[in-house]
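Novice: need a 3D model of the following:
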Amino acid sequence: MLLAALLSGRHVMLEGPPGTSKSTVLKGIVREMGVPFIQLTGNSDLTATKLLGYFDPAQVLARGYSHEHFQYGPLTQAMIDGAILYVEEFNRLPDDTTNVFITAISERELTIPRLGAVVAKPDFRIVAALNPHDDIATTRVSRALRDRFCSMRMDYQGREEEIEIVQRHAGNGDARSVAAAVEMVRRTRSHKDVRLGASVRGAIDMVLIARQLLEFGDDAQGDKLLFAATVMALRDKVWLNETTSRTVDEVLWEIWQGVVEELRPFDADLSDPAVKKKAQRAGDLLAPDLPHVDDDVEEGMTERPAPRRILSESEHHLLAHHPGTPEDHHHYLDAPLDREANELLSRGALEEVVSLAEIAPARVAEAMGRHRLVLGRKAHHLSLEKLLLLTWDSLDPETRRHHLDGMIRLVLRMARSGMPYRERHDGPMAAVPYRFHSDELDLDATIERWLASAPGSPLSAITDYADLIVRERLPRRRAYVVMIDQSRSMRGSKAVSAALVSATLLLHLPAEDEWGVIAFAEEAQVIRAVGRRALHDDTVRELLEMRSEGCTDIAAGLEAGFAELAKARMHDRIGILVTDGWLNTGPPPFSLVRQFSRLHVIELPGGDPALCARMAGAGRGTVSRVRSLAEIPRSVRRCLSAT
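Specialist: Okay, the predicted model is just below:
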C-alpha cells in the first residue's frame, strides 16, 4: 500500500503506536525505489525558517545576499534533490511550521525572499509519521493538511512476526526466552490497566538484558533474571490508564505470572503465607513488590492479626464522606478515641494525635477546640501543620480564626514547593531582541537595526546581545478557571486542596494569562472573577474560610466556569476541575465539558475515578490522581504545561 501510494506520486501520513516498523518499512521501500532519503524529527523548536533554510549571516555581512550563501533546510533540499522527506513525530510540529508543507505539497514550489523560487523535482514526496496515542507536547494536524495526505494506519505485527523480529535483533538465542518476551509485550497491550502497551522493542530489550544477566548469574535462575530484565525493559514503555491506582511494576508482575504459568507448570499461591515467604526470600528479581512476611510466620500458621485502627475499605469510604459520625460507622471510633485524643493533646503529643486525625479528623478537631492553649504553644511545630491540614474543615470557627494566618503561609509555602514552572513557548513567532531563548537570527531585522543606529559602520553598533534580533516563539495567551468542588464529600484534608490548587496557579501562571476561581456544590459561586485584581493572601484566605457542605452538581460548576472564561476573550479557554467525582445531583456534565479548549481534572480520593477520566477525555485534557496534598502543586504545573 505504501509503495503504491509513493509510486503514484502521493504524499503519505503513517499513523500508529511506537514500534510498528514505520521507519523500517519506509527505509526498505526507499532502497528499492533508489531515491534520496532525508529524515528529521518534529519538535516545537523546528521553525519554518529551519525547515526552509537561511542565508549565512557571516557571508551576507561580508559579501551580501547571494544564492551560494543560502543554507538549504531539509524541506527545500528534498525538493531540489527529488528526495523522500520523512518527518517523524509530525504532530509535535507547531502550526506555523506545518503550514509550510501545504504550499510545498499543493504547488510543488516555494518562494523564498532574496532567493527566489524552489521547484520540486518529480520524485519529491513527503511521508509524515505520528503516534495518535501520544498527548504530551503534541498538536492536532489541521484538516487542510490532512486533506493533502493519504493516510495509512500501521498496527503491531503478529506473534510469529514479532518472534522473528526479536530473533533477528537479539540473535538466535533461547527460544523460550524469546517466546516469553514476545508474549509479555503482547499482553501489555490488552491489559485493563494499560493505556498503551509495549512494542516489539521491549521484547528485544528484554532478551538482550536477560542474556547478559545470565552470563553474570546461574542458569537455574533464568525466570528470575528474565523478569528482572522485563521490569528494566518495559517500565517506561508501558503507559497506565490515569485512573488506575496500581504501579507499572505491579501490572508487569501480574502479567508475568500468567506468562510463566503458560510456559511451565508453576502455581505460586501468594495467599499462602509459606509460599509468600519463599517468594519474598527469593529476592526482588522475582517478586519485587510483595508484602513483607515476618520470619516467625511458619508454614501452616496464619499471619499476625492486623494492627488496631486498620479500617476496611467500606469504613474508609464512610469516613471520607461522613467524618466524625459514629452512627454511620460500625467500629470503635467512639468515646475511647475522644479520651485518647484529649489525653494526647493535654500532653502535647501531636505526632500521635496526627495518626488519630488520619482516621477520624472530625472527632480530633473537637478535641483540638478544647486544647487551644496547647496548640498555641506548638505554633511552629511540624506536627501541628499536619494536624491542621487533616482537620481544617472540621475545626470550630474560633480555632480556625486563631490559625488562619498560619494556614495561609503554609498553603503558599506548599504551593512554591517542587520544580519551578517551565516557561511556555507555544505562541506565534515574533522578531525580538536576543534574550537567550532562541538561536534563530533574523538577519534582515538585525541589519536594519544596525544601519539605523550606526549608518557609517553597522558592525560598530554591536555592543550588547540585545542588538541581535532573533525570531522567537512567544507564549500564547490563555485564560484559566479553577472549578473547585466544595460539597460534603470534600471534607477532611481535601478541603484544603481548593486553596492549594489556587495558590499554585496564581504563583506559577505567566503574567499575560488570566484566571478565575469557582466553588460549587449544589450551586456555584465566583470566588475570583477573571480579570479581577486580588492579593494572593486574600484569595487563599477566602477559600480557607469556606465550609464543605451540600451535594455535588459538577454541571453547575462547569457552567459557571465557562461563563467566566468567556469574559477573557481569548482563544485558549482552559478549565481545571478539582473534584473527587462523587456526582449526586444535577445533569450529566459531558455536554458542558466539550465547550472548553481543554479541561484538566485533578481527581481527589474517595469518589468516582471513572467519571473523572471520562470528563478529562471528553475535554481533551489530562486527569491527575492526587492522593496527598503534596502532589497537588505538581499536578497543577502539569496542567499549565500541557499544550
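
Novice: contacting residues for the nearest residue to His67 once chain neighbours are set aside?
Specialist: Sequence neighbours aside, Leu115 is the residue nearest to His67 in space, at 6.5 Å (criterion: CB to CB, 6 or more residues apart in numbering). To be clear about C-beta, it is placed using only N, CA and C from the backbone, and glycine gets the same treatment. By CB atoms under 8 Å, 6 or more residues apart in numbering, the residues touching Leu115 are Phe55, His67, Phe70.

Novice: show me the shaky parts of the stretch 351-500 of the chain.
Specialist: Regions of the stretch 351-500 of the chain meeting the criterion pLDDT under 70 cover residues 378-380, 418-427, 452-463.

Novice: 80 instead?
Specialist: Low-confidence segments of the stretch 351-500 of the chain (pLDDT under 80): 373-381, 417-429, 435-439, 443-444, 446-467, 473-476, 492-493.

Novice: quick one: the strands in it?
Specialist: Here the stretch 351-500 of the chain has its strands, by DSSP state E, counting those that start in this stretch, at 429-433, 469-473, 478-485.

Novice: adjacent strands (with direction) for the last one?
Specialist: Strands adjacent to strand 478-485 in the sheet, as given by DSSP bridges, are strand 514-520 (parallel), strand 572-579 (parallel).

Novice: in TSV, list these along with distance to Gly619.
Specialist: Output for the strands paired with strand 478-485, formatted as TSV (distance: least, CB to CB, whole Å):
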stretch	distance to Gly619
strand 514-520	15
strand 572-579	7
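
Novice: who's in contact with stretch 30-45?
Specialist: Residues outside stretch 30-45 that contact it (CB under 8 Å, 6+ apart): 3, 6-7, 23, 27, 46, 74, 77-78, 81-94, 123, 137, 425-426, 473.

Novice: of all the strands paired with strand 478-485, which one comes closest to Gln157?
Specialist: strand 572-579 (39.0 Å; CB to CB).

Novice: report the buried members of the contacts of Leu115.
Specialist: Phe55, Phe70 (16 or more other CB atoms under 10 Å).

Novice: which one of the strands of the stretch 351-500 of the chain lies nearest to Met546?
Specialist: Within the strands of the stretch 351-500 of the chain, the stretch nearest Met546 is strand 478-485; the backing value is 8.8 Å (CB to CB).

Novice: using PDB, write out every CA atom in the closest one.
Specialist: Only the C-alpha atoms of strand 478-485 are listed here, as PDB (Å, rounded to 0.1, in the frame of the first residue of the first chain):
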ATOM      1  CA  ARG A 478      -4.500  31.700  27.900                       C
ATOM      2  CA  ALA A 479      -7.400  32.100  30.300                       C
ATOM      3  CA  TYR A 480      -7.800  29.600  33.100                       C
ATOM      4  CA  VAL A 481     -10.600  28.900  35.500                       C
ATOM      5  CA  VAL A 482     -10.300  26.600  38.500                       C
ATOM      6  CA  MET A 483     -13.600  24.900  39.400                       C
ATOM      7  CA  ILE A 484     -13.400  23.500  43.000                       C
ATOM      8  CA  ASP A 485     -15.800  21.000  44.400                       C
END
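
Novice: relative to the whole chain's centre, how far out is that strand?
Specialist: Distance, stretch centre to chain centre, for strand 478-485: 18 Å (CA atoms, centre = their mean, to the nearest Å).

Novice: now swap in stretch 558-575 and tell me
Specialist: 23 Å.

Novice: what's the first-to-last distance across that stretch?
Specialist: 8 Å (CA to CA, to the nearest Å).

Novice: closest to Thr98 out of the strands paired with strand 478-485?
Specialist: strand 572-579 (18.3 Å).

Novice: which helix runs longest in this protein?
Specialist: Longest helix in the chain by number of residues (criterion: DSSP state H): helix 397-415.

Novice: thanks a lot, catch you later.
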